[in-house]
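Student: Can you look at this prediction? I've put the sequence above it.
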Amino acid sequence: MANPSLLILPGDGIGPEVMAEVRKVADWFGSQGLVFDIDEDLVGGAAYDAHGTPLTDATMEKAQAADAVLLGAVGGPKYDTLDFSVKPERGLLRLRKEMDLYANLRPAQCFDALADFSSLKTEVVSGLDIMIVRELTSGVYFGEPRGIVTEGNERVGINTQRYTESEIARVARSAFELARRRGNKVCSMEKANVMESGILWREVVQKVHDEEYPDIELSHMYADAGAMQLTRWPKQFDVIVTDNLFGDLLSDLAAMLTGSLGMLPSASLGAPMANGRPKALYEPVHGSAPDIAGQGKANPIACILSFAMALRYSFDRGDEAARLEKAVEAVLAKGLRTADLLGEEGRQPVSTSEMGDAIVAAL
Ligand code: ATP
Ligand code: MG
């Protein structure tokens, strides 16, 4: 059988720096017999510099064909004045759109060694491991009509929240499938009390549950109450599924329960491919961090944990993913910290590559 294929798009800013550490990790797995066919290509500002476009058609085709895509970060001040149509971010948006990645997965997982780093009390976050599934391709960010129009003597800003049954059903399935591999529990969040789309959302999620996933525990919560519960006692949740707008807010909120941006991975999944696994793009939550790029200060863990998600969801290597996560935990437990994980205390941070080396050694 062919080796699993991975397209790596390091991108801009700290993207190439953190991706170099992922390569070390992938090479280690290769030395253990888990060999990936890795191809590397340009995206974002790097692609613009070379080709005048943030994503070439050839790269797009490679992304469609790969078992998984791993992206570093795109953008930077150098590209701020570019025309909107060739901005680095457009490369990422094109990937998401053409791969039709409708389910955005963002874990909020608290490593014990960092529990005291959270803004919440240690007992609230220690051992926390939840997953937010955000619908990514529809809802109020895309609904028509939209625009700023003039009515009488004033202007009106208009957006439309719109969801079809099939859009709700497919992201609900992603959440239930995920729950099956985790704690068998899904909480769906909307505002069915005040929004028509919320009423339909609740109805469709319940129907998909009853017909296809009756074994999973399903609850419904209004999204505002959900925000409150997430800060009060987040460990009550396992998988949360919600729409594009609420997911945008709730996933940021949940993410920060755990500390630094430098720790947070994400996955964006689409429809199943011929191999049964979903189309998938993995990337750290953080951006290109131009303020620290090129200085060896970036924390590579978010990108390394994104690779762990790829192992689990695209390559069916849950044991290897867990092993990698344990290696990260072990290195943190030993006290190694990149600068973003140190508060005011005068401890010496490790560099990007020292962190990567330590994780490989722990593996
Ligand atoms: P974008 O618009 O691309 O999301 P942004 O400006 O919102 O970018 P980031 O680029 O993620 O956000 O940077 C936000 C802050 O977090 C910066 O100060 C950056 O240095 C810091 N930061 C982001 N990622 C990391 C990382 N991996 N390691 C250390 N610090 C990081
Ligand atoms: Mg940002």
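Tutor: Great, that's in hand. Ligands and ions are numbered 1, 2, ... in the order given.

Student: At the geometric centre of the protein, which residue sits there?
Tutor: S266 (1.7 Å; Cα atoms, centre = their mean).

Student: Need the three-state assignment for that residue.
Tutor: Put simply, S266 is strand when judged by DSSP: H, G, I helix; E, B strand; the rest coil.

Student: Surely it and V285 touch.
Tutor: Yes. With contact defined as Cβ atoms under 8 Å, S266 counts as touching V285 (5.3 Å). Using the backbone N, CA and C atoms, a C-beta is placed for each residue, glycine as well.

Student: what's the overlap in contacts for these two?
Tutor: R106 (Cβ atoms under 8 Å, 6 or more residues apart in numbering).

Student: before we move on, the earlier item: give the contact list for the residue nearest to the centre of the chain.
Tutor: Contacts of S266 (Cβ under 8 Å, 6+ apart): 104-107, 282-285, 306, 309.

Student: Give the other helices and strands that the helix or strand containing F176 contacts.
Tutor: For F176, the host element (DSSP states H and E) is helix 165-180. For helix 165-180, the packing partners by 3 or more Cβ pairs under 8 Å, 6 or more residues apart in numbering; DSSP states H and E come out as strand 103-109, strand 129-135, strand 185-190, helix 196-212, strand 239-242.

Student: So for that helix, mean pLDDT?
Tutor: Average pLDDT, helix 165-180: 97.

Student: Equivalent analysis for stretch 85-92, please.
Tutor: pLDDT averaged over stretch 85-92 gives 94.

Student: hmm, it in reach of ligand 1?
Tutor: No. Contact check for stretch 85-92 against ligand 1, using Cβ under 6 Å from any ligand atom: none in range, with a minimum separation of 7.6 Å.

Student: Kindly report the same for stretch 253-270.
Tutor: Yes. Under the criterion of Cβ under 6 Å from any ligand atom, ligand 1 is reached by stretch 253-270 at 261-262.

Student: Report the distance from that stretch to the chain centre.
Tutor: Put simply, stretch 253-270 sits 6 Å off its chain's centre (Cα atoms, centre = their mean, to the nearest Å).

Student: Would you work out how far apart the start and end of it are?
Tutor: By Cα to Cα, to the nearest Å, the extent of stretch 253-270 from end to end equals 24 Å.

Student: Buried ones in that stretch, by neighbour count?
Tutor: For stretch 253-270, the neighbour count (16 or more other Cβ atoms under 10 Å) marks 253-260, 262-270 as buried.

Student: Please apply the same query to stretch 269-280.
Tutor: Within stretch 269-280, the residues that count as buried by 16+ other Cβ under 10 Å are 269-270, 277-280.

Student: ok, back up a step: where does the residue nearest to the centre of the chain land on pLDDT?
Tutor: Confidence at S266, expressed as pLDDT, is 96.

Student: Tell me the bridge partners for it.
Tutor: Applying DSSP bridges to S266 yields these beta-bridge partners: E283.

Student: backbone phi and psi for the residue of the chain found nearest ligand 1, please?
Tutor: Closest contact between the chain and ligand 1, by Cβ to the nearest ligand atom, is at G287 (2.0 Å). Backbone torsions of G287, given as degrees, to the nearest 10, read phi -100, psi -160.

Student: you'd agree K62 is in a strand?
Tutor: No. Counting by three-state DSSP, K62 is not found in a strand; it is helix.

Student: any idea which of the helices and strands packed on helix 165-180 is most buried?
Tutor: Comparing the helices and strands packed on helix 165-180 by mean neighbour count (mean count of other Cβ atoms under 10 Å), strand 239-242 comes out on top with a mean of 28.

Student: Other residues contacting that strand?
Tutor: Strand 239-242 is contacted by residues 130-135, 171-172, 174-175, 178-179, 182-183, 185-190, 205, 223, 226, 250, 254 when judged by Cβ under 8 Å, 6+ apart.
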